[in-house]
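# below are the sequence and a predicted model for it; my questions follow.
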Amino acid sequence: QVQLVESGGGLVLAGGSLTLSCAASGRTFSDYHMGWFRQTPGKEREFVAAIRWSGGSYAESVKGRFTISRDNAKNTVYLQMNSLKPEDTAVYYCAAPGRAGYLSRYASQHEYTYWGQGTQVTVSS
């Protein structure tokens, strides 16, 4: 059974940093496109970042501030978040698709089959 477990969320002051982790189990995801999304109450889940091998793809709103990476030996994906802003406040979710390989529509939540439970990130001004 596939499980994704996020950790690392919390409360931070604007300008601060947090690193989120997503530990996967039940399958080896080394050749999978992995994604991070976030959601605030009353809004659609929005794309944050995705990674297949080493390079990442980012939403415009986080480009230059967030970095996605992975450690295939640990089956874990990370999201390093720097220069955090109050508008980054959300529940952050890790996601994995149902198949290995490249996802052309990696920014669409509908491409992902497996989701973590989410971790709350709150940025205060």
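Everything's here; your move.
# in stretch 62-74, which residues are buried?
62, 66, 67, 68, 70 (16 or more other Cβ atoms under 10 Å). Any C-beta I mention is one placed from the backbone N, CA and C, and that applies to glycine too.
# now, which of the residues you listed lie within strands?
The strands, defined by DSSP state E, take in 66, 67, 68, 70 from the buried residues of stretch 62-74.
# select, from those, the two members most distant in space.
66 and 70 (14.1 Å; Cβ to Cβ).
# what helix or strand does the residue lying closest to residue 88 once chain neighbours are set aside sit in?
In space, and not counting its chain neighbours, residue 88 is closest to residue 123: 5.1 Å by Cβ to Cβ, 6 or more residues apart in numbering. Here residue 123 is covered by strand 119-124, with elements defined by DSSP states H and E.
# kindly export that strand (C-alpha atoms) in CSV.
Output of strand 119-124 as CSV, limited to C-alpha atoms (Å, rounded to 0.1, in the frame of the first residue of the first chain):
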residue,chain,number,x,y,z
THR,A,119,1.2,19.6,6.7
GLN,A,120,0.2,23.1,7.8
VAL,A,121,2.5,26.0,7.1
THR,A,122,1.6,29.3,8.7
VAL,A,123,3.6,32.4,8.0
SER,A,124,2.9,35.4,10.3
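# just list what it packs against, helices and strands only.
Helices and strands touching strand 119-124, as assessed by 3 or more Cβ pairs under 8 Å, 6 or more residues apart in numbering; DSSP states H and E, comprise strand 10-13, strand 18-25, strand 90-96.
# how about the contacts made by residue 98?
The contact partners of residue 98, by Cβ atoms under 8 Å, 6 or more residues apart in numbering, come to 113, 114.
# then residue 67?
The contact partners of residue 67, taken as Cβ under 8 Å, 6+ apart, are 56, 79, 80, 82.
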